[in-house]
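Asker: return atomic coordinates for the entry below.
(one chain, ligands or ions: 1)
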Amino acid sequence: MAEKLRVGVLASGGGTNLQSILDNCAAGRIDAEVVIVISDIECGALARARKAGIPAEHIDRRDKDRYPNREVFDRAVLERLQAHNAELVCLAGYLRIMTRELVDAFANRMMNIHPALLPSFGGQGMWGHHVHQAVLDYGCKVSGCTVHFVSLDTDGGPIILQRPVPVEEGDTPETLAARILPHEHALFSEAIQLFAEGRLKIDGHRVRILPSGQR
Ligand code: GRF
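Answerer: Okay, the predicted model is just below:
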């Protein structure tokens, strides 16, 4: 039995993306195991990790004595990820902007899920309902979700997978978010499995997906 890919998850919210990854790992749909969940704030994602018996660590972003700046904070996150030998890091609704040391340590081994079709509606301030409000305000007829490798350019890393989701008449940010969320869950697990199979090859800013069986 091949060793399963060791995944570290960073989250700041309710944790439905985390839960979907956990469920898909347990069901054998992803050849991986989540070895640690880290959050900057006590949140639903940590509660879900604890319920699943997975190490769940709260690194409190408000503790300015221990973490006076983002670099020190990210060094603490990095140390915990390395302590658990994480091979892939998944940002599942994680609201911190990454600093260089953490991004470089997991170059091309850190993925983020974004609830829009990047590069549209991404970057600073574009998170959660702000994304969907901007999509509706612009009058888009289609939105969707994107899984991408993380770089120092917020939401600007190489795109792994995308999926379109229709905008319906009368949508609110909440109804649009709810329609996109299940597609986020499916897309994130699909991307993790492709990574586990060694089928993601970065070519400039493109990510090529190799045919099954080819590495
Ligand atoms: C998702 O919509 C994700 O795209 C965004 O934050 C939300 C996280 O939701 N980054 P959850 O905490 O996984 O339920």
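Asker: what helix or strand is Gly93 on?
Answerer: Assessed by DSSP states H and E, Gly93 sits outside every helix and strand.
Asker: sorry, wrong one. I was asking about Ser143.
Answerer: Here Ser143, judged by DSSP H and E, is contained in strand 142-149.
Asker: pLDDT wise, what is the nearest residue to Ala52 once chain neighbours are set aside at?
Answerer: Setting aside the residues directly before and after it, Ala52 is nearest to Leu22 in space (Cβ to Cβ, 6 or more residues apart in numbering), at 5.4 Å. No exception for glycine: its C-beta is placed from N, CA and C like everyone else's. Looking at Leu22, its pLDDT reads 98.
Asker: go ahead and confirm Leu22 touches Lys51.
Answerer: No: checked against Cβ atoms under 8 Å, the pair Leu22 and Lys51 is beyond contact range at 9.3 Å.
Asker: with neighbour numbers in mind, choose between the two.
Answerer: Shown here are Leu22 and Lys51; by other Cβ atoms under 10 Å, Leu22 has more neighbours (22 against 11).
Asker: now do the same contact list for that one.
Answerer: Taking Cβ atoms under 8 Å, 6 or more residues apart in numbering as the criterion, Leu22 is in contact with 34, 48-49, 52, 54.
Asker: for the ligand, see how far away the residue nearest to Pro166 when sequence neighbours are not counted is.
Answerer: Ranked by Cβ to Cβ, 6+ apart and with sequence neighbours excluded, the top spatial neighbour of Pro166 is Val142, at 6.0 Å. Applying Cβ to the nearest ligand atom, to the nearest Å, the value for Val142 to the ligand is 17 Å.
Asker: Val142: how many residues sit nearby?
Answerer: For Val142, using other Cβ under 10 Å, the count is 10.
Asker: pLDDT at it, what is it?
Answerer: Val142 is assigned 98 on the pLDDT scale.
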